[in-house]
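In: This is a predicted model, with the sequence first.
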Amino acid sequence: MRLPKSAHTSRPWRIHELAPDFRVEDVWALPTPGGRDDFPRLVDAALPEGEVGSFSPVVRMLFSARWKLGKLFGWDKRDAGIGSRLSTLRDRLPQDLLDAPPRRAAPSGPFTPLYELEDEWAAELGNRTVHAVMHMSWVPVEDSGGHGDGESREGVRYRGQMAVLVKPNGAFGAAYMAAIMPFRYLVVYPALMRRYAERWQASAGGAPERVRT
């Protein structure tokens with residue numbers, strides 16, 4: 001379920017101090033209900049190996065077209081990404097986050113982890129179109145009685161939340177983000193939500209049928 005941007009900006013996440021020059025593009029409630037200590041499972045569900053190859057032909061076609069265009073126009077060259085044209089957000093990490101490295105290495109994929117805490121995780125991606133951050137967090141489903149900051153009480157359940165923060169590369173990057181918006185909302189995000197639900201159930205010991213998205 002798509003959420004208002006305030007669902008992300010109203011919470012005291014550490015990413016706010018690291019990326020004040022990024023805008024919040026999307027915020028989603030994830031189909032991953034769990035208990036207070038289940039956040040590591042969410043990180044695992046968000047970073048599966050070989051993710052694109054397990055999607056439906058339509059989603060794979062969209063990703064394939066994007067990578068082919070990137071190769072044709074040089075959007076994803078090494079000198080266009082993090083550490084070359086773009087400075088990594090790791091350079092902005094305060095010492096306490098530097099001392100808390102990601103719990104696991106990045107899988108094969110475009111995102112590079114920045115940090116992981118007990119209730120939030122962030123990774124970055126950079127190319128000629130955009131510098132982006134994927135932020136995963138663990139929030140209480142019940143948000144009343146002064147517990148909006150994640151303080152636990154008996155009976156409170158949690159779920160995952162995903163925010164995408166972006167810093168487009170000039171007018172071209174802004175136009176690119178606008179052009180792909182329909183594909184994100186109509187195809188990519190629904191596929192991701194189904195995949196997260198499938199992997200979440202499997203990580204809890206369930207054996208769901210593969211969800212083709």
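Out: Noted; the coordinates are in hand. Numbering: from 1, shown residues only.

In: all contacts plus neighbour counts: C-alpha atoms, from now on.
Out: Will do.

In: Pick out the least confidently modelled helix or strand of the chain, by mean pLDDT.
Out: Least confident helix or strand, the chain: helix 57-73 with a mean of 54, by mean pLDDT, DSSP states H and E.

In: following that one, which helix or strand comes up?
Out: Counting by DSSP states H and E, the next helix or strand C-terminal to helix 57-73 is helix 95-98.

In: where along the protein do the helices fall?
Out: In the chain, helices defined by DSSP state H lie at 6-9, 15-18, 39-46, 57-73, 95-98, 170-183, 189-203, listed in chain order.

In: So for the second one, what gets flagged as buried?
Out: What that stands for is helix 15-18. Along helix 15-18, the positions that meet the burial threshold by neighbour count (16 or more other CA atoms under 10 Å) are Ile15.

In: contacting residues around that helix?
Out: Applying CA atoms under 8 Å, 6 or more residues apart in numbering, the set of residues contacting helix 15-18 from outside is 9, 89, 92-93, 122, 135.

In: redo that, cut-off 7 Å
Out: Residues from elsewhere that reach helix 15-18, judged by CA atoms under 7 Å, 6 or more residues apart in numbering: 89, 92-93.

In: Just the buried subset of the residues you listed, written out for PyMOL, thanks.
Out: In PyMOL, this line selects whichever of the contacts of helix 15-18 come out buried by 16+ other CA under 10 Å:
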select buried, resi 89+93
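
In: As CSV, the contacts of helix 15-18 with pLDDT and distance to Glu17 would be great.
Out: Listed next are these as CSV, based on pLDDT from 0 to 100; distance: CA to CA, whole Å:
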residue, pLDDT, distance to Glu17
Leu89, 91, 11
Arg92, 93, 9
Leu93, 93, 9
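
In: which one among the contacts of helix 15-18 gets closest to Tyr158?
Out: Nearest to Tyr158, judged by CA to CA, of the contacts of helix 15-18 is Leu93 at 27.0 Å.

In: ok, now which ones touch the closest one?
Out: Leu93 is in contact with Leu18, counting by CA under 7 Å, 6+ apart.

In: related to what we said a few turns ago, confidence-wise, which of the helices of the chain is weakest overall?
Out: Mean pLDDT is lowest for helix 57-73 out of the helices of the chain, coming in at a mean of 54.

In: Can you tell me which of the helices of the chain is nearest to Pro113?
Out: Taking CA to CA, helix 39-46 is the member of the helices of the chain nearest to Pro113, at 10.6 Å.

In: which other helices and strands contact the closest one?
Out: On a contact count with 3 or more CA pairs under 7 Å, 6 or more residues apart in numbering; DSSP states H and E, helix 39-46 meets helix 189-203.

In: 10 Å instead?
Out: For helix 39-46, the elements it packs on are strand 120-126, strand 130-140, strand 158-168, helix 189-203, judged by 3 or more CA pairs under 10 Å, 6 or more residues apart in numbering; DSSP states H and E.

In: would TSV of these with distance to Ala100 and mean neighbour count be doable?
Out: Supplementary listing: those in TSV, determined by distance: least, CA to CA, whole Å; neighbours: other CA atoms under 10 Å:
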stretch	distance to Ala100	mean neighbour count
strand 120-126	11	23
strand 130-140	16	23
strand 158-168	21	22
helix 189-203	25	18
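
In: May I see those arranged in TSV, with distance to Gly34 as well?
Out: As requested, the helices and strands packed on helix 39-46 are exported to TSV (distance: least, CA to CA, whole Å):
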stretch	distance to Gly34
strand 120-126	15
strand 130-140	9
strand 158-168	5
helix 189-203	9
